[in-house]
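Q: okay, here's the prediction I keep looking at, along with the sequence it came from:
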Amino acid sequence: MSENQSFHMTPEDFRRYGRAVVDWIADYYERVESLPVLSQVAPGEIRASLPPQPPVHGEPFDAILQDVEDLILPGITHWQSPSFFAFFPANVSGPSVLGELLSAGLGVQGMLWATSPACTELETHLLDWLVDMLDLPAGFKSTSAGGGVIQDSASSGSLCALLAARERATNYASNERGCDGRLVAYSSTQTHSSIEKAVKIAGLGRDNLRLIEVDDAFAMRPDALARQIERDRQAGLMPCFVCATVGTTSSNAIDPLPEIGSLCRAEGLWLHVDAAMCGTAALCPEFRAIHDGLELADSYCFNPHKWMFTNFDCDCFYVADRAALIHTLSILPEYLRNQATESGAVFDYRDWQIPLGRRFRSLKLWFVIRHYGIEGLRHHVRRHVALAQEFAAWVEADDRFELAAPAPLNLVCFRHRGGEAVNQAILDRLNRSGDLYLTHTRLNDQLTLRLCVGQTHTESRHVAQAWQRITHAAAGLSELGTKR
Ligand code: PLP
């Protein structure tokens, strides 16, 4: 092997294969509707098809791409299928994927302003744009005492919020000496599990997370929250953090922010608002009531990587007081010192997140916002909500089925009146068929089916087909029993 020999891909090959990959993705989007939505492979099947040893010598790119088709595709659950109605969506779009590609190509590591000023400044600018686009409180803008940053996930955003709350409550002493077991956090029984994880990571201890009961619409009860805070204070504990949700994962319940926010202000607690999926709805003025009371929050997040046509990962996280967040997470070893940081004139986003390194995520978001424009985004969000509402009306009109929760936006929770076994059988039949993908939850301790409309290319016909398949799957199942 000569010293000058190179195994790198040449620019010519990169161009050629780059085109092949983009073609592959475009073809995939054209045929995704014909593929089984939920991957039908058995555990271990994909691994068994892979060579036991890595290649000693490099392989032709064509062969690698062919293996994506032959070996990987069968093990893909098609989140980009228009008949994907499970969980919450993780929708993508052409401009987002191309922005991601450019970001990978530039290979920027944006931990400091100085390591790529555009990476930081585009992000700051877009997060300010989004404050206007969603009509969020002005205090979240970088031009105020607050500001926004892109996190990898809502889970990371919530963890950062909890850490800042912990530090604020202890006058920044927990960072130095650890927690003493007295700090208490609050969420509802319906809050996403990422809060439980954050409480464990932040050292509060799971026993110090209070799950507050909810009302008939599965929203947190402020009176129960107030009582629990009072009990904890009487027990000598230190309440410090509340997480309210705009659009819970199980049922899209919207916690009453004005009441919870006023209580947090009166009690000096940090209020974090998690609007992971539903925040996107606020693009449309007619849905903005979901954010009533948000001006009382200390932090907020929503995920363009769920419902705003921006591929994972992209969570927009805002704080009203960036100094509290930066004070909590800031580190400055000698090797990161630089003039721009010392000048105080720049944001170094490594101080706003858990990891040091960070990707150029704002590029894909910029592409999406510029491609669609505000009106384009609104159009598709409105369409998804309208389709979900149409579906909810079909459920209500069919006396074999019932709605299991209010459906304020794009998620419909419903069940067959035949009971637990019937609903389980419907779910299994549908998901085994590959025609569509639904997931479930438990509401009032009853198995509940969820249909969430949010995939980029879902149209009226896909939702109509889903309803037809659901009713078809239900036919003849009623004798399975009435155990609820
Ligand atoms: N919060 C809510 C309400 C969610 O529904 C989810 C995921 O579905 C999350 C947080 C976690 O999101 P991420 O995967 O971005 O951490």
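A: On my side now, so go ahead.

Q: ok, H379 - how many residues close by?
A: H379 has 14 neighbouring residues, counting by other Cβ atoms under 10 Å. (Each C-beta comes from the backbone N, C-alpha and C, glycine too.)

Q: name the helices or strands packed onto the host helix or strand of it?
A: Using DSSP states H and E, H379 falls within helix 362-397. Under the contact criterion of 3 or more Cβ pairs under 8 Å, 6 or more residues apart in numbering; DSSP states H and E, helix 362-397 touches helix 94-106, helix 117-133, helix 304-307, strand 401-403, strand 411-416, strand 446-452, helix 460-474.

Q: in it, what's buried?
A: Judged by neighbour count using 16 or more other Cβ atoms under 10 Å, the buried positions of helix 362-397 are 362-369, 371-372, 377-378, 380-381, 384-385, 387-388, 391-392, 394-395.

Q: the ligand next: which of these are close?
A: When the buried residues of helix 362-397 are checked against the ligand using Cβ under 6 Å from any ligand atom, none falls in range.

Q: the helices and strands packed on helix 362-397: which one's closest to the ligand?
A: helix 304-307 (6.7 Å; Cβ to the nearest ligand atom).

Q: immediately after the closest one, which helix or strand?
A: strand 315-319.

Q: in what helix or strand does the closest residue to R361 other than its chain neighbours lie?
A: With Cβ to Cβ, 6 or more residues apart in numbering as the criterion, R361 has its nearest non-adjacent residue at 4.7 Å, and that residue is I150. For I150, the host element (DSSP H and E) is strand 147-151.

Q: what do you get for D67?
A: helix 61-67.

Q: against which helices or strands is that helix packed?
A: helix 11-31.

Q: between the helix it packs on and helix 94-106, how big is the angle?
A: Counting by axes from the mean of the first three to the mean of the last three Cα atoms, to 10 degrees, helix 11-31 lies at 160 degrees to helix 94-106.

Q: how distant is helix 11-31 from the center of its chain?
A: 28 Å (Cα atoms, centre = their mean, to the nearest Å).

Q: report all helices and strands that it contacts.
A: Short answer (3+ Cβ pairs under 8 Å, 6+ apart): helix 11-31 packs on helix 61-67.

Q: which residues touch the helix it packs on?
A: 9, 13, 17, 20-21, 24 (Cβ atoms under 8 Å, 6 or more residues apart in numbering).

Q: ok so S187 is a strand residue?
A: Yes: applying DSSP: H, G, I helix; E, B strand; the rest coil, one finds S187 inside a strand.

Q: and the helix holding D67, which residues are buried?
A: So, applying 16+ other Cβ under 10 Å, helix 61-67 has no buried residues.

Q: chain center to it, what's the gap?
A: 32 Å.

Q: okay, how far is it across stretch 76-86, tip to tip?
A: 14 Å (Cα to Cα, to the nearest Å).

Q: make 7 the starting number, not 1.
A: Let's use 7 as the start, then, which means that last one is stretch 82-92.

Q: contacts for it, please.
A: 34-35, 38-39, 41-45, 95-98, 441-445, 456-459, 461-465, 468, 471-472.

Q: wondering if that stretch reaches the ligand at all.
A: No: residues of stretch 82-92 are not located near the ligand by Cβ under 6 Å from any ligand atom, the shortest gap being 10.8 Å.

Q: excluding chain neighbours, what is closest to L383?
A: L383 sits nearest to L289 (Cβ to Cβ, 6+ apart), 5.2 Å away.

Q: how near is that neighbour to C458?
A: From L289 across to C458, the span is 17 Å (Cβ to Cβ, to the nearest Å).

Q: shouldn't L169 be in contact with T334?
A: Yes: L169 is within contact range of T334, at 5.2 Å (criterion: Cβ atoms under 8 Å).

Q: quick one, what contacts I235?
A: Contacts of I235 by Cβ under 8 Å, 6+ apart are 192, 245, 269, 273, 275.

Q: now do L453
A: 421, 426, 429-430, 446.

Q: wait, which of those is closest to the ligand?
A: H446 (14.4 Å).

Q: if we can go back for a sec, now a ChimeraX select for only the buried ones of the contacts of stretch 82-92.
A: Remark: buried members of the contacts of stretch 82-92, expressed as a ChimeraX selection using 16+ other Cβ under 10 Å:
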select :34,35,38,41,42,43,44,45,95,96,97,98,441,442,443,444,456,457,458,459,461,462,463,464,468,472
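
Q: need the contacts of I235 in TSV (columns: pLDDT).
A: Output for the contacts of I235, formatted as TSV (pLDDT from 0 to 100):
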residue	pLDDT
Y192	98
P245	98
L269	98
E273	97
L275	98
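
Q: secondary structure class of T251, three-state.
A: Quick answer, by three-state DSSP: T251 is strand.

Q: show me which residues of the chain sit near the ligand.
A: 94, 159-161, 198, 200, 251, 254-255, 280, 282-283, 309, 321.

Q: so which of these sit within strands?
A: Those of the residues of the chain next to the ligand mapping onto strands are 251, 280, 321, per DSSP state E.

Q: turn those residues into TSV, including pLDDT and neighbour count.
A: Converted to TSV, these look like this (pLDDT from 0 to 100; neighbours: other Cβ atoms under 10 Å):
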residue	pLDDT	neighbour count
T251	98	27
D280	98	30
D321	98	24
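
Q: between the residues you listed, which is closest to W119?
A: D321 (20.7 Å; Cβ to Cβ).

Q: so how far is Q345 from the closest one?
A: In terms of Cβ to Cβ, D321 sits 31 Å off from Q345.

Q: out of the contacts of helix 67-73, which are buried?
A: Y23.

Q: now S150: phi and psi?
A: phi -100, psi -160 (degrees, to the nearest 10).

Q: report the separation between the closest residue in space to it that isn't next to it in sequence and the ligand.
A: Using Cβ to Cβ, 6+ apart and skipping residues adjacent in sequence, the residue nearest S150 is A144, 6.1 Å away. Using Cβ to the nearest ligand atom, to the nearest Å, A144 is found at 24 Å from the ligand.
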